[in-house]
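J.: this one's structure only:
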Ligand SMILES: Nc1ncnc2c1ncn2[C@@H]1O[C@H](COP(=O)(O)OP(=O)(O)OP(=O)(O)O)[C@@H](O)[C@H]1O
């Protein structure tokens, strides 16, 4: 649809864009990204014709854009730019009607039935109908933005050029506007070229992104281009981490502020308090720990301060465990949004806690064990059984700094140690009479202070992996023995 060929242009004799090549396919959502002053608006103005091309050319459907008449261009291209000059006396409806101008016929240029229909439609979808008779100057910045989008859509363009279209919009209207554009892209084959500042929004909506730096395109590609952290850090001069959106397969970027890079000094043993009674174990840290867990509350990778294990009766109905644990936390004034919560039918007085220093690493492990519901995971005959409570709950706290990969490694190391303990104690799956590998409802959390140098591995081949393995093995063994001593095995 658009081809930019060796484009040179800028202000007077200064070329801001210097020999830029770019191609945008029909029906594509193309996002132009780049830091302040990189030349995004300059490139935009060269495409819209607001700035003269010094060298090279811009082709629209194969024809030089500069050779098209104003009317020919207006039938194909609509522009939503930052600089809006609107006469103050126009109403919203009048502004939108200007979008129909390229389609009006005759000298009198009156609005036809079709023009009114299109205007009604765009007012409806941009949600501006209710202030159609209001003067444009009387509405808010975000509302103005929506009215200008309505005007652009009223033009029924093939190509929409947008300079920071979501600038004045709140989150709801940002997503509403971009969803609307996406819908037009899909249903009408609209081609979209948008300057966007928010990299995360660009990732969610664009098909192609281009990174402009000092007037040159550093990279063009699909949104996975945003996974190149080094490139983004170089361009934006901010520490950036790429994560994946939890439900959409797109990258999302997290920026690290400078102030959080200074490390606090503290001793691991002074960081936490433990409350234990028949009803719950509550480990309360005074700083949040980077935690991986499968707790019924706080699952996944989180930063949390509260780690809880609640006692439930053997005949506990497991229909709504998350809700139940949250209620229990609320009763104890534990903020569930900063907590991991587990539950067990095992007696909490039989909890085993081991705190040690192994090869310079401080580790705290807390285990509660009940193995009446032991399962050999390799036994294929047993039916699915996730609703019984007979559980080994393991909490591992470490004064170390793990990458996300090391968190997964550490989780594996702790699991391997638990399985070894079950094996050495000859705990069997009653169904198959083979060695059990766990129970059907085991929970495990691994929580890190993130102090010191980051480590990327915590498997059985590492010092820290072995520290996890040995301590979890010892604690699990003791906890199962306590459980067995009560004749509960
Ligand atoms: N009217 C102008 N006359 C001369 N130089 C200009 C003019 N407008 C912008 N520039 C210069 O052109 C360069 C690129 O500016 P441009 O506005 O294209 O950047 P941008 O990427 O859109 O930045 P921002 O994200 O801040 O909007 C800057 O160095 C700027 O100082």
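T.: Thanks, I have it. Note that this is a predicted model, so its numbers are computed, not measured.
J.: now residue 46: phi and psi?
T.: Here is the backbone geometry of residue 46 (degrees, to the nearest 10): phi -70, psi -40.
J.: ok, now which ones touch it?
T.: Each residue near residue 46 by C-beta atoms under 8 Å, 6 or more residues apart in numbering is listed here: 7, 9, 17, 53, 58. Using the backbone N, CA and C atoms, a C-beta is placed for each residue, glycine as well.
J.: these: which two are farthest apart?
T.: For those, the farthest-apart pair by C-beta to C-beta is 17 and 58; their separation is 10.7 Å.
J.: spit out the residues that contact those two alike.
T.: Joint contacts of residue 17 and residue 58 (C-beta under 8 Å, 6+ apart) are 7, 46.
J.: how about the helices in the stretch 251-400 of the chain?
T.: 321-331 (DSSP state H, counting those that start in this stretch).
J.: now it against the ligand: closest residue?
T.: residue 255 (16.5 Å; C-beta to the nearest ligand atom).
J.: quickly list what that residue is bridged to.
T.: Counting by DSSP bridges, residue 255 is bridged to residue 240.
J.: mind listing what it touches?
T.: 238-240.
J.: cool, residue 256 as well?
T.: Residues in contact with residue 256 (C-beta under 8 Å, 6+ apart) are 238-241.
J.: and which of these is nearest the ligand?
T.: Lowest distance from the ligand to those (C-beta to the nearest ligand atom) belongs to residue 238, with 14.6 Å.
J.: what sits closest to that closest one if chain neighbours are left out?
T.: Nearest non-adjacent residue to residue 238, counting by C-beta to C-beta, 6 or more residues apart in numbering: residue 255, 5.1 Å away.
J.: show me the contacts for the closest residue to residue 273 other than its chain neighbours.
T.: Leaving out its chain neighbours, the residue that sits closest to residue 273 by C-beta to C-beta, 6+ apart is residue 284, at 5.1 Å. Contact analysis of residue 284 by C-beta under 8 Å, 6+ apart lists 272-275, 305-307.
J.: read off the pLDDT value for residue 284.
T.: Looking at residue 284, its pLDDT stands at 98.
J.: pull up the gap between it and residue 312, please.
T.: Counting by C-beta to C-beta, to the nearest Å, the gap from residue 284 to residue 312 is 21 Å.
J.: next one: residue 229
T.: In terms of C-beta to C-beta, residue 229 sits 44 Å off from residue 312.
J.: these two - which one has more neighbours?
T.: Between residue 229 and residue 312, counted using other C-beta atoms under 10 Å, residue 312 has the larger neighbour count: 19 against 14.
J.: ramachandran angles for the more buried one?
T.: When quoted as degrees, to the nearest 10, the phi and psi of residue 312 stand at phi -130, psi 160.
J.: which one of the contacts of residue 256 has the most neighbours?
T.: Highest neighbour count within the contacts of residue 256, by other C-beta under 10 Å: residue 240, with 19 neighbours.
J.: so it touches residue 254, yeah?
T.: Yes - using C-beta atoms under 8 Å, residue 240 is in contact with residue 254, at 7.1 Å.
J.: next, show the common contact partners of these two.
T.: Common neighbours of residue 240 and residue 254 are not found (criterion: C-beta under 8 Å, 6+ apart).
J.: circling back: bridging residues for the residue nearest to residue 273?
T.: The partner residues for residue 284, given DSSP bridges, come to residue 273, residue 306.
J.: run the chain-centre distance for the lengthiest helix in the chain.
T.: For the chain, the longest helix by residue count, based on DSSP state H, is helix 463-485. Here helix 463-485 shows a centroid-to-chain-centroid distance of 36 Å under the convention C-alpha atoms, centre = their mean, to the nearest Å.
J.: now that helix: average pLDDT?
T.: Helix 463-485 carries an average pLDDT of 95.
J.: hmm, back to that, which one of the contacts of residue 46 is nearest the ligand?
T.: The ligand lies nearest to residue 17 out of those, by C-beta to the nearest ligand atom, at 8.2 Å.
J.: thought the closest one was touching residue 8?
T.: Yes - the criterion here is C-beta under 8 Å, and residue 17 meets it with residue 8 at 6.4 Å.
J.: so those two - more neighbours on which side?
T.: Neighbours per residue, other C-beta under 10 Å: of residue 17 and residue 8, the larger number sits with residue 17, 25 against 16.
J.: please identify the helix or strand for that one.
T.: According to DSSP states H and E, residue 17 maps onto strand 14-24.
J.: contacts for whichever helix or strand comes after that strand, please.
T.: Beyond strand 14-24 on the C-terminal side, the first helix or strand identified by DSSP H and E is strand 29-33. Taking C-beta under 8 Å, 6+ apart as the criterion, the residues outside strand 29-33 that touch it are 24, 40, 43-44, 181-182, 185, 191-197, 199, 202, 205-212.
J.: hmm, try it at 7 Å
T.: Under the contact criterion C-beta atoms under 7 Å, 6 or more residues apart in numbering, strand 29-33 has outside partners 24, 40, 43, 182, 185, 192-196, 199, 202, 205-212.
J.: where's it relative to the chain centroid, distance-wise?
T.: 19 Å.
J.: what comes up buried for the strand holding residue 17?
T.: Using 16 or more other C-beta atoms under 10 Å as the burial criterion, the residues of strand 14-24 that qualify are 15-18, 20, 22, 24.
J.: pairing partners for that strand, with directions?
T.: In the sheet, strand 14-24 lines up with strand 2-11 (antiparallel) (DSSP bridges).
J.: now do the strand it pairs with against strand 29-33, angle only.
T.: 30 degrees (axes from the mean of the first three to the mean of the last three C-alpha atoms, to 10 degrees).
J.: low pLDDT regions in the stretch 1-150 of the chain?
T.: For the stretch 1-150 of the chain, applying pLDDT under 70 flags the ranges 83-88, 106-109.
J.: quick one: the helices in it?
T.: For the stretch 1-150 of the chain, the helices defined by DSSP H, counting those that start in this stretch cover 40-48, 70-76, 92-98, 113-125, 141-154.
J.: TSV for those helices, including distance to residue 327?
T.: Output for those, formatted as TSV (distance: least, C-beta to C-beta, whole Å):
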stretch	distance to residue 327
helix 40-48	51
helix 70-76	60
helix 92-98	49
helix 113-125	43
helix 141-154	40
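J.: excluding sequence neighbours, find me the nearest residue to residue 371.
T.: If the residues on either side of it in the chain are set aside, residue 371 comes closest to residue 427, at 5.1 Å by C-beta to C-beta, 6+ apart.
J.: with residue 369 instead?
T.: residue 479 (3.7 Å).
J.: how many other residues sit next to the one you found?
T.: The number of residues near residue 479, taken as other C-beta under 10 Å, comes to 26.
J.: so where's the stretch 251-400 of the chain uncertain?
T.: Scanning the stretch 251-400 of the chain with the threshold set as pLDDT under 70 gives 260-263, 382-389.
J.: interface residues of this structure facing the ligand?
T.: Taking C-beta under 6 Å from any ligand atom, the part of the chain that reaches the ligand is made up of 11, 16, 34, 36-42.
J.: dump the residue contacts of the residue positioned nearest the centre of the chain.
T.: Closest residue to the average C-alpha location of the chain: residue 245 at 3.6 Å, with C-alpha atoms, centre = their mean. Taking C-beta under 7 Å, 6+ apart, we find residue 245 in contact with residue 252.
J.: so what pLDDT did it get?
T.: 94.
J.: that older thread, TSV for the contacts of residue 255, including distance to residue 218 and pLDDT?
T.: Listed next are those as TSV, based on distance: C-beta to C-beta, whole Å; pLDDT from 0 to 100:
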residue	distance to residue 218	pLDDT
238	16	94
239	18	93
240	15	95
